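In: Please work out how this folds:
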Amino acid sequence: MNYRTEVLLDSESIATAATKVIDIDINEKISRIGIRVKGTNNGSTPTAHPAKIITKIELIDGSDVLFSMAGVDAQALNFYEMGKMPFNICEYEDNIECCATMYINFGRWLWDTQLALDPTRFKSLQLKITHNKALGGSTPDAGTLTVLADVFDRKPCSPLGFLMSKKQKDYTLVASAHNYTDLNTDYTYRKLLIKSLSASNPPSGQVDKIKLSENGGAKIVYNDIYLKEWVKLMPCQTKVEENFAGLEDAAANTYYIASTYEHYGVGVGRSANNSIIYVGQPSGNAIVIIGDASESTGVYVTGYCPHGAVEFPFGVQEDINDWYSMSGITNLKLDLTAASGASGTVEIISQQLRRY
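Out: Alright, predicted model coming up:
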């Protein structure tokens with residue numbers, strides 16, 4: 001068999017918030033690691049998107065960090081890698097399970113023979129997953145975590161390196177203010193994500209302009225581009241598609257979705273006739289639904305910018321040699337200008353080519 005799926009963690013209870021540490025003790029080269037979390041809702045009042053249950057994912061080799069970000073960050077990156085959201089079950093009704101899936105992709109696609117994680121190149125690989133079941137869905141009172149690795153079996157694979165993805169910085173926004181970040185210049189960049197998740201603002205209502213410059217301004221890569229224009233013109237225009245469901249009570253109920261920009265929803269009764277359903281058009285990751293009391297409602301919603309993330313890809317994404325080389329670059333500075341009504345935080349996420 002060319003490939004197989006290795007169980008790194010069989011379905012395990014996450015009754016108590018904790019950090020699960022998994023030793024990566026296999027020698028086969030890994031194309032991707034999949035993380036699946038489930039929660040059993042304890043009520044019908046939505047708390048947050050199910051991906052929020054995973055607060056941090058880290059892949060480390062001692063002090064060397066190979067992957068690091070929260071669950072919603074990983075899903076946003078997955079969307080821009082794969083062109084679609086990973087598998088989610090966005091259920092917000094009492095005693096029904098919600099579910100979120102996220103991946104650590106080491107290659108450009110599944111079974112990429114040029115880019116994969118080779119555990120034999122490291123001394124003590126560990127995967128750390130920090131979770132709190134109460135933070136997603138509708139305050140779940142039970143949950144489980146499963147982790148799988150897609151590995152090369154008989155298929156010849158001699159990777160030259162792997163995709164290293166991590167959050168480089170996060171900070172609290174100050175309305176209309178500049179914030180400067182010196183980005184790492186150690187490895188070639190494949191993409192950069194600017195992410196700001198808000199219940200009331202799209203990403204362009206959080207970040208006004210982006211500027212990226214090399215070597216003290218000797219070269220300007222992005223010259224004060226307005227995010228409100230970039231989100232309309234950015235290369236990846238695939239829509240974020242999602243279904244979610246919950247129990248109505250004839251009042252305005254807030255649900256949480258992945259898309260955060262230009263999204264629209266259509267709702268129907270799913271347990272019985274729901275004579276009146278109001279589906280709001282949100283600006284951010286929260287959407288208001290009003291339906292008949294004690295009736296279950298299902299909603300289909302589409303939009304853009306998953307979990308508040310905007311992609312800045314460098315070069316042809318399938319061509320390793322076309323990415324943003326750091327050769328000759330000693331300083332790479334990112335200047336983000338906050339929007340006038342901004343609040344909350346910004347995350348700066350990078351994906352780089354790390355050669356062996």
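In: ranges for the strands of the stretch 1-150 of the chain?
Out: 3-13, 18-23, 30-40, 54-61, 64-69, 88-91, 97-105, 125-131, 142-152 (DSSP state E, counting those that start in this stretch).
In: Scan this protein for its longest helix.
Out: helix 71-82 (DSSP state H).
In: Relative to residue 265, which of the strands of the stretch 1-150 of the chain is closest?
Out: For those, proximity to residue 265 was assessed by CB to CB; strand 88-91 is nearest, at 11.8 Å. Any C-beta I mention is one placed from the backbone N, CA and C, and that applies to glycine too.
In: what's that closest one packed up against?
Out: Applying 3 or more CB pairs under 8 Å, 6 or more residues apart in numbering; DSSP states H and E, we find strand 88-91 packed against strand 97-105, strand 240-247.
In: quick one: average confidence on that strand?
Out: Strand 88-91 carries an average pLDDT of 97.
In: just stretch 18-31 next, same as before
Out: On average, stretch 18-31 scores 97.
In: can you list contacts of that stretch?
Out: 3, 6, 8-9, 12, 14, 56, 59, 105-107, 110-112, 116-120, 124-131, 145, 147, 149-153, 157, 159 (CB atoms under 8 Å, 6 or more residues apart in numbering).
In: check contacts around the nearest residue to residue 275 once chain neighbours are set aside.
Out: Nearest residue to residue 275, sequence neighbours excluded (CB to CB, 6 or more residues apart in numbering): residue 292, at 5.8 Å. Shown in contact with residue 292 (CB under 8 Å, 6+ apart): 248, 250, 269, 274, 275, 276, 277.
In: Over to residue 256?
Out: Residue 256 neighbours (CB under 8 Å, 6+ apart): 46, 47, 48, 49, 52, 90, 199, 285, 286, 287.
In: if we go to 6 Å?
Out: 46, 48, 49, 285, 286 (CB atoms under 6 Å, 6 or more residues apart in numbering).
In: and which of these is nearest residue 356?
Out: Among these, and counting by CB to CB, the member closest to residue 356 is residue 49, at 35.8 Å.
In: Per-residue pLDDT of that closest one, please?
Out: pLDDT, read off for residue 49, is 98.
In: For burial, what's the neighbour tally of it?
Out: As a burial measure, residue 49 scores 28 neighbours (other CB atoms under 10 Å).
In: Check residue 111 too.
Out: Per other CB under 10 Å, the neighbour tally for residue 111 reads 14.
In: Please apply the same query to residue 278.
Out: Neighbours around residue 278, by other CB under 10 Å: 11.
In: so how far is residue 168 from the residue lying closest to it once chain neighbours are set aside?
Out: Excluding the flanking residues, the one nearest residue 278 by CB to CB, 6+ apart is residue 290, at 4.0 Å. Applying CB to CB, to the nearest Å, the value for residue 290 to residue 168 is 41 Å.
In: now residue 324
Out: 14 Å.
In: Same drill for these two, tell me which one is more crowded.
Out: Comparing residue 324 with residue 168 by other CB under 10 Å, the one with more neighbours is residue 324, at 21 against 17.
In: That one bridge partners, please.
Out: Beta-bridge pairing of residue 324 under DSSP bridges involves residue 189.
In: Surely it touches residue 189?
Out: Yes. If you go by CB atoms under 6 Å, residue 324 and residue 189 touch, sitting 4.1 Å apart.
In: Name the residues contacting each of these two.
Out: residue 314.
In: Any stretches of the stretch 251-356 of the chain with poor pLDDT?
Out: Along the stretch 251-356 of the chain, the model assigns pLDDT under 70 to no residue.
In: I'd assumed residue 299 was in a helix, is it?
Out: No. Under DSSP: H, G, I helix; E, B strand; the rest coil, residue 299 sits outside any helix and is assigned strand.
In: For it, give me its contacts.
Out: Counting by CB under 6 Å, 6+ apart, residue 299 has contacts 244, 265, 267.
In: Between the residues you listed, which sits nearest residue 330?
Out: For these, the nearest to residue 330 is residue 244 (46.8 Å; CB to CB).
In: could you measure the closest one against residue 132, distance?
Out: Distance, residue 244 to residue 132, using CB to CB: 20 Å.
In: Tell me which of the two has more neighbours.
Out: It is residue 244, of residue 244 and residue 132, that has more neighbours when counted by other CB under 10 Å, with 26 against 17.
In: The residue nearest to residue 278 - how many residues pack around it?
Out: Residue 290: 17 neighbours (other CB under 10 Å).
In: Could you measure from it over to residue 277?
Out: 7 Å.
In: Contact partners for residue 336?
Out: Residue 336 makes contact with 179, 207, 210, according to CB under 6 Å, 6+ apart.
In: could you point out which element follows the strand or helix carrying residue 210?
Out: Using DSSP states H and E, the element containing residue 210 is strand 207-214. Per DSSP H and E, the first helix or strand lying C-terminal to strand 207-214 is strand 219-226.
In: what helices or strands is that next one leaning on?
Out: Contact partners of strand 219-226 among helices and strands, from 3 or more CB pairs under 6 Å, 6 or more residues apart in numbering; DSSP states H and E: strand 207-214.
In: Show residues contacting the strand it packs on.
Out: So strand 207-214 is contacted by 196, 220-222, 224-227, 329, 332-337, 339 (CB under 6 Å, 6+ apart).
In: Now that strand - C-alpha only, CSV.
Out: Only the C-alpha atoms of strand 207-214 are listed here, as CSV (Å, rounded to 0.1, in the frame of the first residue of the first chain):
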residue,chain,number,x,y,z
VAL,A,207,-7.4,46.6,9.6
ASP,A,208,-7.4,49.6,7.3
LYS,A,209,-4.1,49.4,5.4
ILE,A,210,-1.1,47.0,5.0
LYS,A,211,2.4,47.9,4.0
LEU,A,212,5.3,45.4,3.6
SER,A,213,8.8,46.6,3.0
GLU,A,214,12.3,45.2,2.6
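In: Lovely, talk soon.
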